[in-house]
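**Q** Fold the following, please.
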Amino acid sequence: MTQRRVDRERLERADRESKLAIEAEREIRNAKTARLRQQRLSVERSAASSRTNKLDNKPRAHRFV
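**A** Here you go, the predicted structure:
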């Protein structure tokens, strides 16, 4: 039985290329996560300030005790 020949250079090259692709995908995913987090925080801040403004503008009953 003949032993199967392994092209180590080809395997190493494929390994390097796959690691580069995975790293690029990770960077893209992290950038997207950061962008979405900033958007969410911005919306939360504007919603909080909107609620505060609504509470500040609400007429209040004065109680004299």
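
**Q** Over stretch 33-41, what's the mean pLDDT, rounded is fine.
**A** The average pLDDT for stretch 33-41 rounds to 97.

**Q** List the buried residues in that stretch.
**A** The neighbour-count check on stretch 33-41 (16 or more other C-beta atoms under 10 Å) flags nothing as buried. All C-beta atoms are positioned from the backbone trio N, CA, C, and that covers glycine.

**Q** How far off centre is that stretch?
**A** When C-alpha coordinates are averaged (C-alpha atoms, centre = their mean, to the nearest Å), stretch 33-41 and its chain have centres 6 Å apart.

**Q** contacts for stretch 17-35?
**A** Around stretch 17-35, nothing counts as a contact under C-beta atoms under 8 Å, 6 or more residues apart in numbering.

**Q** could I have it exported to CSV, CA atoms only?
**A** Extracted as CSV, the C-alpha positions of stretch 17-35 are listed here (Å, rounded to 0.1, in the frame of the first residue of the first chain):
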residue,chain,number,x,y,z
GLU,A,17,-5.5,32.2,4.7
SER,A,18,-8.3,30.9,6.8
LYS,A,19,-6.9,32.6,9.9
LEU,A,20,-6.7,35.9,8.0
ALA,A,21,-10.3,35.5,6.9
ILE,A,22,-11.5,34.7,10.4
GLU,A,23,-9.6,37.7,11.8
ALA,A,24,-11.1,40.0,9.2
GLU,A,25,-14.6,38.7,9.9
ARG,A,26,-13.9,39.2,13.7
GLU,A,27,-12.9,42.8,13.1
ILE,A,28,-16.0,43.5,11.0
ARG,A,29,-18.2,41.9,13.6
ASN,A,30,-16.6,43.9,16.4
ALA,A,31,-17.0,47.2,14.4
LYS,A,32,-20.6,46.4,13.8
THR,A,33,-21.2,45.6,17.5
ALA,A,34,-19.5,48.9,18.6
ARG,A,35,-21.6,50.8,16.1
